[in-house]
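Novice: here is a sequence together with a model predicted from it:
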Amino acid sequence: MLPIDAPPLPPPVPVEITLTTERVDVGDGVSMGMVGLNYQRQFTPNLAAGLAVYGATTGDRGGFFAWGANGAYRRAFGPWQAETGLFVGGGGGSPGWVGGGLMLRPHVEISRAVGPLRLGLGVSRVKFPNGQVSSTQPYATLR
């Protein structure tokens, strides 16, 4: 009788959960604290893509949220990593919101491995093409 071996397991797929925080200028001198939660899968050593959701945490744009897809190109330099990426999504929220629904958020970031975590700083641009929001701001990230 021939032994039956279990089929080999596929290699693990690296996935990453990222939390970001930033303060977005939404026009007329009003700002909104915004937090992002990103789930990304590594497809190649330098390319990752996944899903993300952003929401208001402070300010008078209560209820704002946007969900969509994101992608990133990354380059490692020892414990350091440079990244550029783009979020494309939509959402809604406060009746006073002027965004028009579609949200674009390109970013550039530098991060460093600190034990099992990765801490980073970056610059993002939040733009609503159909509205009046077009804001560039720094942000912090934790992976």
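Specialist: That came through, no problem. Residues are numbered from 1 along each chain as shown.
Novice: in this protein, which residue is most central in space?
Specialist: Nearest to the geometric centre of the chain sits N38, at 4.9 Å (Cα atoms, centre = their mean).
Novice: show me what contacts it?
Specialist: Taking Cβ atoms under 8 Å, 6 or more residues apart in numbering, we find N38 in contact with 16-20, 50-52, 70, 87. All C-beta spots, glycine's among them, are computed from the backbone N, C-alpha and C.
Novice: and those residues, which of them are in strands?
Specialist: The strands, defined by DSSP state E, take in 16-20, 50-52, 70, 87 from the contacts of N38.
Novice: between those residues, which has the most around it?
Specialist: F87 (25 neighbours; other Cβ atoms under 10 Å).
Novice: show me what contacts that residue?
Specialist: 36, 38, 52, 54, 68-70, 103-107.
Novice: ok, now with 7 Å
Specialist: Neighbour list for F87: 52, 68, 70, 105 [criterion: Cβ atoms under 7 Å, 6 or more residues apart in numbering].
Novice: and the closest residue to P14 other than its chain neighbours, its phi and psi?
Specialist: Sequence neighbours aside, Q42 is the residue nearest to P14 in space, at 4.0 Å (criterion: Cβ to Cβ, 6 or more residues apart in numbering). Per-residue torsions, Q42: phi -80, psi 120 (degrees, to the nearest 10).
Novice: ok, how many other residues are close to Q42?
Specialist: If you count neighbours by other Cβ under 10 Å, Q42 ends up with 16.
Novice: okay, the contacts of N38 in a markdown table with distance to V30 and pLDDT next?
Specialist: Output for those, formatted as a markdown table (distance: Cβ to Cβ, whole Å; pLDDT from 0 to 100):
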| residue | distance to V30 | pLDDT |
| --- | --- | --- |
| E16 | 32 | 93 |
| I17 | 30 | 96 |
| T18 | 27 | 97 |
| L19 | 24 | 98 |
| T20 | 20 | 98 |
| G50 | 30 | 98 |
| L51 | 28 | 98 |
| A52 | 23 | 98 |
| N70 | 26 | 97 |
| F87 | 22 | 98 |
